[in-house]
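Take a look and give me a structure for this.
(one chain, ligands or ions: 1)
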Amino acid sequence: MKKGLSRRQFLATSTAAVAASALGGRDVQGQESTAESRQKQANGPDSAQSSFSRYSRYHPSFGGPPESDHYLGKLVPGLRQSGLPPVPFEAPDLGKIPWRMVGGVKEFEIRCTPVKREFLPGQFMNVWGYNGSLPGPTIEAFQGDRVRFVVHNELPEPTTFHWHGLELPVQFDGVPGLTQDLIPPGETYVYEYDLHQTGTFFYHSHVTMQESFGMAGFFIIHPRIAYDPPVDRDFGLIFQNFFISPNTATPDSMAMNWNWHTINGRSGPYTTPLVCKHGERVRIRLMDFSPMQHHPIHLHGHTFWLTGTEAGRIPPNAWVPRNTTLTGVAMAQDFEFIAFNPGDWIFHCHMTHHMMNHMTQQVGPRIRQKVDVSRYLADLPNRPPVESSLAQPAFEVPGYPQKMQGMEMNAEAMRKLNERRETRGMRKQWHEGVKGLMTVLRVLPEDLYNRVMHSEEAIQPGEIFEAVARRK
Ligand SMILES: [Cu+2]
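Take a look at the predicted model:
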């Protein structure tokens, strides 16, 4: 957007530009059948642009009527051309499992391991996962691949591997007793099969208590050529819950309450923002691997289309526009949208207790002062004193505006939050609004995107946010 124009002036200008391009002979006003517009789209980005020019990818745009391909950006292609392989999948804060080709088979090596995962700066939790990561690193493969997984059990107890959503030979389905024996500690087991599906799948231990210790990961199977309309970004987020008592660091896998909420193994504000360029078509794949809780996930500033489930791609005529999508336990959902609205947009579960980790951070210090309590266990009368705030009678009154205790981040925690490239130039206090099962989608105009993601220039807190807000 040109500097100095108000938002209203800008929208008026761009409408005039669309009208002018129609006069210039581009097919803007004429009625097109869906088949014709798809044909144009298949012919390349220029014709695709003209087909969809009644929808702007650079400012909030309706593009109606609801039956049309441009309604809410439904089939507006990404900036990437059709007919190419899909863009690589990105799950912030998670790696990928490397593979090597052995006799025409993609071979992956996986270790089932205890993991120390930093949920928040300085808060390391004892959980389980794969190759030292919770959730496990992503398996990324293509339709038609033959895959082999060499699985080493480095846990202190037996485990198995289940490939959630895959249609595969029954002896590799990973259900203890029913289809295979448990893999004892220290042993190795090999799974091998062909992939004929595409979509957002996942792998997990099929031992229940290990699931509530976090043992899961993405299994992304791409088509050889990306589906139309092609996307420019392909992000993935795994939601998990744990019950971890105040002043402890190990989940209680028998608990029925869940007080720590993570996305890709971190709690907000330590979740890493998804950063994209203004105008791109973005896909986000959500996967809920919480033991017992479903998550209504809400994105601000954009309407998106549900384009896939844990069973794969949905035909476009069945796509549903949403602002919030309920992702249930063991479900995956893909959605897509055009990132037409620059800014830092909160992207969060709408369950109120999932938006604050049940105040675990705050509850801890209220119950006991932050000291090692082990020496008091045999000496209960002399255990650490209760914080005086707990004795305040007003806290007993429902609805009383309780001051949250211990919310302040120390300097070291703030450094960890802000040393990440993805958070550069966000407002100084950005972390105050990002808690628990929350992350941020950053939509940045190209010049600002390059400053944040590729330059080594110093960027002051709030500088990028202010620049975006000024341009509107
Ligand atoms: Cu939730």
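
Could I get the pLDDT score of residue 252?
Turning to residue 252, the model gives it a pLDDT of 87.

ok, it to residue 243 distance?
Distance, residue 252 to residue 243, using CB to CB, to the nearest Å: 5 Å. Yep, even glycine has a C-beta here, placed from its N, CA and C like the rest.

more crowded one of those two?
residue 243 (19 against 15; other CB atoms under 10 Å).

for that one, what are its contacts?
251, 252, 255, 256, 257, 258, 259, 260 (CB atoms under 8 Å, 6 or more residues apart in numbering).

any idea which of these is closest to residue 308?
Of all the contacts of residue 243, residue 308 sits closest to residue 258, with 26.5 Å by CB to CB.

Quick check, that closest one in contact with residue 291.
Yes: judged on CB atoms under 8 Å, residue 258 makes contact with residue 291 at a distance of 6.9 Å.

Averaged pLDDT, stretch 82-96. What do you get?
The pLDDT scores in stretch 82-96 average 97.

what's the helix or strand for residue 450?
Assigned by DSSP states H and E, residue 450 falls within helix 446-454.

Now the residue minimising distance to the centre of the chain: which helix or strand?
Note on the chain: the residue nearest the mean C-alpha position is residue 237, at 2.4 Å, using CA atoms, centre = their mean. Assigned by DSSP H and E, residue 237 belongs to strand 233-242.

Got the phi and psi for the residue of the stretch 1-150 of the chain found nearest the ion?
Minimum separation of the stretch 1-150 of the chain from the ion (CB to the ion) falls at residue 119, amounting to 15.5 Å. Note on residue 119: its backbone torsions stand at phi -70, psi -40 [degrees, to the nearest 10].

For the residue nearest to the centre of the chain, which non-adjacent residue is spatially closest?
The shortest distance from residue 237 to any non-neighbouring residue, by CB to CB, 6 or more residues apart in numbering, is to residue 263 (5.2 Å).

Got the phi and psi for that neighbour?
Per-residue torsions, residue 263: phi -120, psi 120 (degrees, to the nearest 10).

Report the contact partners of it.
Contacts of residue 263 by CB under 8 Å, 6+ apart are 237, 238, 239, 271, 437, 438, 439.

What is the nearest of those residues to residue 278?
residue 439 (18.8 Å).

The closest one - how many residues pack around it?
The number of residues packed near residue 439 is 25, by other CB under 10 Å.

Now the helix or strand containing it: buried residues?
Per DSSP H and E: residue 439 is located in strand 438-444. Of the residues in strand 438-444, 438, 439, 440, 441, 442, 443, 444 count as buried by neighbour count, 16 or more other CB atoms under 10 Å.

so what does that strand touch, helix or strand wise?
strand 274-277, strand 343-349 (3 or more CB pairs under 8 Å, 6 or more residues apart in numbering; DSSP states H and E).

can I assume the residue of the stretch 1-150 of the chain closest to the ion is in contact with residue 126?
No: applying CB under 8 Å, one finds residue 119 not in contact with residue 126, separated by 10.9 Å.

ok, the two, which is more surrounded?
residue 119 (23 against 14).

Now do the same contact list for that one.
Neighbouring residues of residue 119 by CB under 8 Å, 6+ apart: 125, 260, 262, 265, 266, 267, 270.

Which of those sits closest to the ion?
residue 262 (10.9 Å).

Please give the element, helix or strand, for that closest one.
Going by DSSP H and E, residue 262 is part of strand 260-263.
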